[in-house]
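Undergrad: Sequence and predicted structure below; questions after.
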Amino acid sequence: METKKSIQISFVILLIMMIIGLVYALIAFIKPDLLVARSFQLYTEQSWTDYLTASPKLADYMLILERMVGALGVVVAFGALFVLFTAFKNGLKWAWFYILVCGILSWGNNLQANVTINNPVNITVSIIGLVLMVIGLIIPAKDFWGKR
């Protein structure tokens, strides 16, 4: 069975979205201090370096939590990539819904957290992820939910 053009276009858009999410999650997992240091300073108006010196155990705890979130992001990205390359490409309705739910939960949660922290770089990444998800799901919606 040949994949419809709208699903092919959507596939590429969603693949880009997932690669962005995977890179973001890998950074959080491998080098959590890159994300925590900037967010900490924006949220508390204190230096991350000073905090590391003053409260090394609490700072380490924050890094552990960021690394855990990054690991969960990697798992979500790999799961979504698996669904994208299998069920979504074949036009299965549940795959469209799966990507919608995973995208809203992951990008939406990330957006909400970074709005609270007031981190414009991460807010921008989250908005880009959400926009790509919406575009990637609107384009083939008729093929997934229309009459067959």
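TA: Thanks, I have it.
Undergrad: In the protein, where's the longest helix?
TA: Taking DSSP state H as the criterion, the chain has its longest helix at helix 56-83.
Undergrad: Could you list the low-confidence segments of this protein?
TA: 1, 147-148 (pLDDT under 70).
Undergrad: residues contacting the residue nearest to the spatial centre of it?
TA: Nearest to the geometric centre of the chain sits residue 21, at 3.9 Å (CA atoms, centre = their mean). Taking CB atoms under 8 Å, 6 or more residues apart in numbering as the criterion, residue 21 is in contact with 73, 76-77, 80, 106-107, 129. C-betas here are computed from N, CA, C, even on glycine.
Undergrad: Return the closest of the residues you listed with respect to residue 64.
TA: Checking these against residue 64 with CB to CB, the nearest one is residue 73 at 15.0 Å.
Undergrad: now the nearest residue to the closest one once chain neighbours are set aside: how far from residue 109?
TA: Nearest residue to residue 73, sequence neighbours excluded (CB to CB, 6 or more residues apart in numbering): residue 25, at 2.9 Å. Distance of residue 25 to residue 109, given as CB to CB, to the nearest Å: 12 Å.
Undergrad: Likewise for residue 14?
TA: 18 Å.
Undergrad: neighbour-wise, which of these two wins?
TA: Per other CB atoms under 10 Å, whichever of residue 14 and residue 109 has more neighbours is residue 14, with 25 against 13.
Undergrad: residues in contact with stretch 140-148?
TA: So stretch 140-148 is contacted by 4, 6-7, 9-10, 91, 93, 96 (CB under 8 Å, 6+ apart).
Undergrad: And for stretch 89-105?
TA: 1, 3-4, 7, 11, 14, 17, 76, 79-80, 83-84, 86-88, 129-130, 133, 136-137, 140-141, 143-145.
Undergrad: Report the distance from the host helix or strand of residue 113 to the chain centre.
TA: According to DSSP states H and E, residue 113 maps onto helix 93-117. In this view, helix 93-117 has its centroid 7 Å away from the chain centroid, taken as CA atoms, centre = their mean, to the nearest Å.
Undergrad: Please apply the same query to stretch 25-36.
TA: Using CA atoms, centre = their mean, the offset of stretch 25-36 from its chain centre is 13 Å.
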